[in-house]
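1. What follows is a predicted structure for the sequence shown.
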Amino acid sequence: MSASLVIFGGDGPGSALAWALVDSRGDISEEGVCEIGARLPGASHAVLVLSGVEAQLKRITLPARTEAQARAAAAFQFEGTLADEADTHYAIGASQTAEGDRLVAAISASRLRAWLDHCRASGADPAAVVLDCAIWPVAENEIAIVETPARVIVAGGGAGGFSIEPALAASVLVRWFADVRASANRIVLCGGDLAAWSAALGQIGANLELAPPADVPKTLAAAAAEPPAFSPNLRQGEFANAARSRQPLKVWRLAAVLAAAAVLLQVGALVVDGIRDRQAADRIRTSAQRDFLAMAPKDTRIVNLGAQATALLNRFEQSARHPLLSAAVPLVAALRQQPLARIDEVRHQMPGRMVRVQVSAPDRAALESVASAMRAQGVKVDVRDLPPREGRYASELNVEAPV
């Protein structure tokens, strides 16, 4: 197996890039620094590791069936917490818990674009872009605090994490611990002053254990070569690599191939004695079946090509009408009219088109205006008051998603 090239982002897209070649055992075979204007080593697979400072990580309940649906729903969960929501790119972790929780990363789209352009100018196009706090290896129900001179990495595995300047790390960790309701059996400090951290963390510091300082570049390089499934790969959506971005075209290519196959098969049936036509039809049918199986790997064999192709295209069409996506348009429009309100939770349970949205606001009038704005758009909304949370009024909106 060829080595993976792991690229470490520096302070910004214009800085030099540290790099490491990692073999199949996770060991670094070669490492160095690529100065501006120089070229990175060649490799069949490249991964860019960015500091968690570049993005926000959240664990969110997203019971959506597809990556696109989950990314669309994720925007609601970050509503009002980002400086420039119009320029925000969302990425979803591939795996999810039994409750439908996934890790979601939110990053400036222009910033991510600048990082990728910097790598390409240095001779590499990363197949994946990951965050250091999302790939740092931890045991189950464990949180790691990794102190380096430049930043502190807090990693909680599937619970998420963050990276930040050392001076701010302890206070942010206390708030993060409460926000994610983390229940860690162990909190491990990799390097640093145990007494100082214990005092700064207060009650949380009672579970703090000291571990030897970690080899940060080596640990991140090995983790980036095979990142965990829950870690979001930022190369999704508009930033998907070339192979993935061609997937939508494959759908229409498959449809065109199936249509051509149907026409030629009819010709072959009518012209019984046309051996060449029959052979041509067989070749097209074989090609169409091969393309179909590439698009739908769960269908291990062809039973009725026409019926199976129709069912596949129907599934694509139905996914675009998912209740979460249908409810998104009127909900976003209502929130734009009432910026004081925010979304705390979005849930949908199959079957049916009812979407439950929990919203909160500093006053009751703001919540009522959200429901009124959605009804004005012709959407059926039932409102149920919830107990106040964190000093804010709260309501649950039962929204019947438009068809």
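-> That came through, no problem. Numbering: from 1, shown residues only.

2. Which stretches in this protein count as helices?
-> Using DSSP state H, the helices of the chain run over 67-77, 109-121, 132-135, 166-179, 194-201, 216-225, 242-245, 247-270, 275-295, 305-319, 323-337, 364-376.

3. Can you list the low-confidence ranges for the stretch 1-150 of the chain?
-> Where the stretch 1-150 of the chain drops to pLDDT under 70, the residues are 1-2, 62-67, 69-70, 73-85, 98-99.

4. hmm, I was thinking of the stretch 301-403 of the chain
-> Using pLDDT under 70, the flagged stretches of the stretch 301-403 of the chain are 303, 305-306, 309, 311-321.

5. Tell me the spacing between Ser171 and Glu165.
-> 11 Å (Cβ to Cβ, to the nearest Å). Any C-beta I mention is one placed from the backbone N, CA and C, and that applies to glycine too.

6. go on, Thr148?
-> Look at Thr148 and Glu165: by Cβ to Cβ, they are 11 Å apart.

7. Settle it for me: which of these two has more neighbours?
-> Thr148 (17 against 11; other Cβ atoms under 10 Å).

8. List of residues touching stretch 360-375?
-> 330-331, 333-335, 337-338, 340-342, 344, 359, 381, 383, 389-395, 397, 399 (Cβ atoms under 8 Å, 6 or more residues apart in numbering).

9. Return the set of buried residues in that stretch.
-> Ser360, Ala361, Ala366, Leu367, Glu368, Ser369, Val370, Ala371, Ala373, Met374 (16 or more other Cβ atoms under 10 Å).

10. what's the answer for stretch 326-335, then?
-> Those would be Ser326, Ala327, Ala328, Pro330, Leu331, Ala334, Leu335, for stretch 326-335 by 16+ other Cβ under 10 Å.

11. swap in stretch 145-162?
-> 145-148, 151-162.

12. ok, Tyr335 touching Ala341?
-> That one is not Tyr; residue 335 is Leu. Yes - using Cβ atoms under 8 Å, Leu335 is in contact with Ala341, at 6.0 Å.

13. for the chain, which residue is closest to the average position?
-> Nearest to the mean C-alpha position of the chain, counting by Cα atoms, centre = their mean, stands Ile92 at 1.4 Å.

14. Tell me what it is bridged to.
-> Judged by DSSP bridges, the bridge partners of Ile92 are Val104.

15. Distance check, it against Glu54.
-> 17 Å.

16. With Leu397 instead?
-> 33 Å.

17. higher neighbour count, those two?
-> A direct count of neighbours by other Cβ under 10 Å for Leu397 and Glu54 places Leu397 higher, at 23 against 20.

18. Identify the residues contacting the residue lying closest to that one once chain neighbours are set aside.
-> Distances taken as Cβ to Cβ, 6 or more residues apart in numbering put Val357 closest to Leu397, at 4.5 Å, once the chain neighbours are dropped. If you count contacts by Cβ under 8 Å, 6+ apart, Val357 has them with Phe76, Ala327, Leu331, Ile343, Glu345, Val346, Arg347, Glu396, Leu397, Val399.

19. what's the answer for Leu173, then?
-> Counting by Cβ under 8 Å, 6+ apart, Leu173 touches Ile145, Val154, Leu201, Ile204.

20. Just list whatever residues bridge to the residue nearest to the second one when sequence neighbours are not counted.
-> This means Val154. Sequence neighbours aside, Gly161 is the residue nearest to Val154 in space, at 4.8 Å (criterion: Cβ to Cβ, 6+ apart). Listed beta-bridge partners, Gly161: Ala155 (assigned using DSSP bridges).

21. gap between Gly161 and Ala91?
-> 15 Å.

22. Okay, and the beta partners of Ala211?
-> Counting by DSSP bridges, Ala211 forms beta bridges with Cys190.

23. residue contacts, it?
-> Contacts of Ala211 (Cβ under 8 Å, 6+ apart): Val188, Leu189, Cys190, Gly191.

24. Check pLDDT for those and point me to the minimum.
-> Of all the contacts of Ala211, Gly191 has the smallest pLDDT value, namely 82.

25. what's the closest non-adjacent residue to that one?
-> Gly191 sits nearest to Pro213 (Cβ to Cβ, 6+ apart), 3.5 Å away.

26. what about that neighbour, how many neighbours?
-> Pro213, neighbours per other Cβ under 10 Å, totals 13.

27. now it: how far from Ala167?
-> 19 Å.

28. thinking again about what came up before, I'd like the contacts of Leu173 laid out as CSV, including distance to Arg25.
-> Formatted as CSV, those follow (distance: Cβ to Cβ, whole Å):
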residue, distance to Arg25
Ile145, 27
Val154, 28
Leu201, 36
Ile204, 36
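
29. Let me know the closest of those to Ala178.
-> Ile204 (9.2 Å; Cβ to Cβ).

30. contacting residues around the closest one?
-> With contact taken as Cβ under 8 Å, 6+ apart, Ile204 is in contact with Leu173, Val174, Phe177, Ile187.

31. Now which of these would you call buried?
-> Leu173, Val174, Phe177, Ile187.
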